[in-house]
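Student: here's my sequence, what's the structure:
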Amino acid sequence: QGTEYGTVAYIEGLQARNRTSGAGAILGAVVGGVLGNQIGSGSGRTAATAIGAVGGAVAGNAIEGRNNTRDYEAYRITVNLDRGGQRVYEVPSPGDLRTGDRVRLYGGQISRM
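Tutor: Numbers count the residues shown, from 1 in each chain. Next up is the predicted model:
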C-alpha cells in the first residue's frame, strides 16, 4: 500500500457513553433517606425512608449524569483522496488536523502537509 494524498473532509467526535461515578446516587440516597425518615412513624417511617433513599439515589444519579461534561471517546476523520474516493479513520485524537487540511496517508498514518 503506497502513499496517498487528500484533504480532510470531516472530523466527527464519537461520543463516549455518559458515565457517572456513583457519588450522586450515594448522596441522593442519603438525603432521600433522611428526608423520608422525617415522615410518619413505625412501619410507615421505615417505608418512607426506603422510598426516599431509592428515589434520592435515582435523582442524584440523574443530576450527576446531566452535570458531567461528556468527552469524546474517539474521532472519525474522513479524507477525500486526490485520486478519487475516501478513506475513513477512527483515531483517539485528531491532533492538529482540521477540516480542509491537506494530508498524506501512509501505512495507516495521517500527517498534515
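
Student: of all the residues in stretch 84-102, which ones are buried?
Tutor: Arg87, Val91, Pro94, Leu97, Asp101 (16 or more other C-beta atoms under 10 Å). C-beta: built from backbone N, CA, C; applies to glycine.

Student: now the terminal residues of it, how far apart.
Tutor: 14 Å (C-alpha to C-alpha, to the nearest Å).

Student: please list the residues outside the longest strand along the chain that contact it.
Tutor: Secondary structure of the chain read by DSSP state E shows that its longest strand is strand 4-15. The contact list for strand 4-15 (C-beta atoms under 8 Å, 6 or more residues apart in numbering) reads 70, 72-83, 86-87, 90, 94, 97-106, 113.

Student: helices or strands up against the helix or strand just after it?
Tutor: The element immediately downstream of strand 4-15 (helix or strand, assigned by DSSP states H and E) is helix 23-37. Packing contacts for helix 23-37, counted by 3 or more C-beta pairs under 8 Å, 6 or more residues apart in numbering; DSSP states H and E, involve helix 43-67.
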